[in-house]
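J.: Here is the input, now give the coordinates:
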Amino acid sequence: MSILSTIFGKLFPSSHAANAQAPAAPAASAAPVSANTAPPASTQAPSASQAMTELDVGQLLDGMAAKSNEQLNWKTSIVDLLKLLQLDSSLASRKDLAKELHYTGDTNDSASMNMWLHRQVMNKVAANGGKVPAELKD
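T.: This is a model prediction of the structure:
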């Protein structure tokens with residue numbers, strides 16, 4: 001699983017659960033009742049999309065930050081965002097994320113890479129249905 005997919009899984013857990021279960025359910029019961037299995041799966045997919053569209057990521061992350069024992073500024077720091085989501089925030093992990101997102105800059109310049117990563121992750125979250133504060137995306 002990619003790092004970005006893991007981030008999405010943390011932000012949109014019910015949507016990822018629905019998407020993961022949808023293919024498994026028809027496979028398990030495809031032979032006995034494939035006609036009855038297909039409509040609920042297609043009905044369930046728009047619900048997952050609607051849930052993603054309505055998710056206020058800013059509010060969700062602010063709530064998580066308020067409950068955290070650490071002072072984490074997810075709005076400006078990719079490291080803090082990853083920590084808040086309980087993901088690996090190491091330099092190696094961030095370099096992997098940069099590679100996954102096709103970063104063309106110098107990964108040894110971690111400050112520039114981190115700023116780019118944060119912006120890209122916020123853009124990707126917004127593109128996948130998350131409501132992200134305007135100042136955090138392009």
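J.: part of a helix, is Val125?
T.: Yes: counting by DSSP: H, G, I helix; E, B strand; the rest coil, Val125 is part of a helix.
J.: So which helix or strand of the protein has the lowest pLDDT on average?
T.: Using mean pLDDT, DSSP states H and E, helix 13-54 stands out as the lowest-scoring helix or strand of the chain, at a mean of 44.
J.: Mind giving me the packing neighbours of the helix or strand following it?
T.: Sequence-wise, the next helix or strand downstream of helix 13-54 (DSSP states H and E) is helix 57-67. The contact analysis (3 or more CB pairs under 8 Å, 6 or more residues apart in numbering; DSSP states H and E) places helix 57-67 against helix 78-84. For every residue, glycine as well, the C-beta is placed using N, CA and C.
J.: Kindly format the C-alpha coordinates of the helix it packs on as CSV.
T.: Extracted C-alpha coordinates of helix 78-84, given in CSV (Å, rounded to 0.1, in the frame of the first residue of the first chain):
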residue,chain,number,x,y,z
ILE,A,78,4.2,17.3,6.8
VAL,A,79,6.0,15.8,9.7
ASP,A,80,3.3,16.9,12.1
LEU,A,81,0.6,15.8,9.8
LEU,A,82,2.1,12.3,9.5
LYS,A,83,2.6,12.1,13.3
LEU,A,84,-1.0,13.2,13.8
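J.: Can you name the next helix or strand after it?
T.: By DSSP H and E, the next helix or strand past helix 78-84 is helix 91-100.
J.: buried residues in that following helix?
T.: Within helix 91-100, the residues scored as buried using 16 or more other CB atoms under 10 Å are Arg94, Lys95, Leu97, Ala98.
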